[in-house]
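Student: Sharing a sequence plus its predicted fold:
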Amino acid sequence: MVDLKRILVGLDLTEMDEVLIKYCSFFSQIMKPDKIYFIHISDKLELPKAIREKYPDLIAPVDETIQREIEFLVDQYFDKTSVNEISVEVKKGKPNREILKWMEIKEIDLIVLGRKTNMKGDGIIPGKIVKESHGSVMLVPEKSSEFLNKVVIPLNLGHEENLPLKEALAIADKTHMRLIGQNIYHVPSGYHTTGKTFDEFAEIMKGNAQAGMEKLIKKYNLSNYNFHYDLTLDEEHDMAEKIYDLAIREHADMIIMGSQGRTIGASVLLRSVAAKLTEYDKNIPLLVVKDPKENLSFLEALMNI
């Protein structure tokens, strides 16, 4: 996804839309996409109360009115100099299903969705999109800061592509932000058969994790960046919690992670971790980076199990 071309932003006609449009304007100034689709999808195209009160004598079709309202917000909060083309779309249907369909039809590289804690409205279900989307997904909390000084990147050292790291480096080239790589390691359940204690085997696994991280630093010339790393022991087998804890501790402005492993089992695990992180993390923007071609192969493999 480093070569970002097309972004789809899911809007739900609530105050979250202003947050999303502002954040996408900020992010687009960094990444310079070709086209952005601002899209509202609902199984019932009804006007929100705020719009009905604003236009009491409204006689225009509902979809046209909603489109004009979104266009007004885009004009107000989005810097159009950062993108070649903007499209505002209003469609009827099931939001999650239509978002995924539009991703395929329009060859979307990145879906951007809001993540609510206190704001009203259910909107689009982020965890479902993260699990099922072939493309990358960014989740923006309702209280998001429009800057990128520091990001946490959970690293899958066993995956050759390391797309999350490449994406982070592409952003760092434009922002000079601090990168914090995270290698989460575990002690295998059968460690006791070696005659070593848990702590002794944990040190062995930590050494292995550190060696893998040092290899990665050389491979991607990370010494040329403001790069630091954290080796995290996960005793409870809750990777999502460990990722979120590090991001909070480091006051990170974004978490960038992948959802693809070397095997189907690893991919299922990483997808589950990414989806679970949407439940833990209500405060920090989350970017889940995927390779569309690789994810299509993954889905084809699942069909053959």
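Tutor: Nice, thanks for sending it over. Numbers count the residues shown, from 1 in each chain.

Student: ranges for the strands of the protein?
Tutor: 6-11, 35-42, 85-92, 110-115, 136-141, 150-154, 178-185, 227-233, 254-258, 286-289 (DSSP state E).

Student: Tell me which of these lies nearest to residue 198.
Tutor: The closest of those to residue 198 is strand 227-233. By Cβ to Cβ, the value is 10.1 Å. (Glycine included, C-beta is placed from N, CA and C.)

Student: Report all helices and strands that the closest one contacts.
Tutor: With contacts taken as 3 or more Cβ pairs under 8 Å, 6 or more residues apart in numbering; DSSP states H and E, strand 227-233 sits against strand 178-185, helix 198-219, helix 239-249.

Student: and that strand, which residues are buried?
Tutor: By 16 or more other Cβ atoms under 10 Å, the buried positions in strand 227-233 come out as 227, 229, 230, 231, 232.

Student: Likewise for stretch 17-34?
Tutor: 17, 19-28, 30-31, 33.

Student: go on, stretch 8-16?
Tutor: For stretch 8-16, by 16+ other Cβ under 10 Å, it's 8, 9, 10, 11, 12, 13, 14, 16.

Student: Contacts only, for the residue of the chain most remote from its centre.
Tutor: Centroid-distance maximum for the chain: residue 195 at 42.2 Å, with Cα atoms, centre = their mean. Contact analysis of residue 195 by Cβ atoms under 8 Å, 6 or more residues apart in numbering lists nothing.

Student: Could you shift the numbering so residue one becomes 93, and keep it that way?
Tutor: Sure, I'll start counting at 93 from here, so that last one is residue 287.

Student: residue ranges with poor pLDDT in this protein?
Tutor: Where the chain drops to pLDDT under 70, the residues are 93-95, 137-153, 211-218, 250-252, 351-364, 372-373, 384-397.

Student: hmm, try it at 80
Tutor: Applying pLDDT under 80 to the chain picks out residues 93-96, 135-155, 208-220, 222-224, 226, 248-253, 282-287, 351-368, 370-374, 383-397.

Student: That one - how does it break down into domains?
Tutor: As assigned by automatic domain parsing, the chain contains the domains 98-233, 242-395.

Student: was I right about residue 169 contacting residue 113?
Tutor: Yes - counting by Cβ atoms under 8 Å, residue 113 is a contact partner of residue 169 at 4.4 Å.

Student: Residue 111 contacts residue 207, doesn't it?
Tutor: No - using Cβ under 8 Å, residue 111 makes no contact with residue 207, being 9.8 Å away.

Student: follow-up on the earlier one: for the buried residues of stretch 100-108, work out which two are farthest apart.
Tutor: Farthest pair in the buried residues of stretch 100-108, by Cβ to Cβ: 100 and 106, 17.9 Å.

Student: burial measure for residue 186, as a count.
Tutor: When neighbours are counted by other Cβ atoms under 10 Å, residue 186 registers 13.

Student: Look up the closest residue to it, ignoring the ones flanking it.
Tutor: residue 135 (5.7 Å; Cβ to Cβ, 6 or more residues apart in numbering).

Student: List the contacts of the one you found.
Tutor: Contacts for residue 135 (Cβ under 8 Å, 6+ apart) come out as 184, 185, 186, 187.

Student: now the last one: how far from residue 132?
Tutor: When you say that, I think you mean residue 187. For residue 187, the distance to residue 132 (Cβ to Cβ, to the nearest Å) stands at 9 Å.

Student: How about the first one?
Tutor: When distances are taken as Cβ to Cβ, residue 184 and residue 132 turn out to be 10 Å apart.

Student: Looking at those two, which is more packed in?
Tutor: Neighbour count, other Cβ under 10 Å: between residue 184 and residue 132, residue 132 has more, with 22 against 13.

Student: isn't that one right up against residue 190?
Tutor: No - using Cβ under 8 Å, residue 132 is not in contact with residue 190, being 10.1 Å away.

Student: any shared contact partners between those two?
Tutor: Common neighbours of residue 132 and residue 190 (criterion: Cβ under 8 Å, 6+ apart): residue 183.

Student: before we move on, back to that, list the residues that contact both of residue 187 and residue 132?
Tutor: Counting by Cβ under 8 Å, 6+ apart, the shared contacts of residue 187 and residue 132 are 102, 104.
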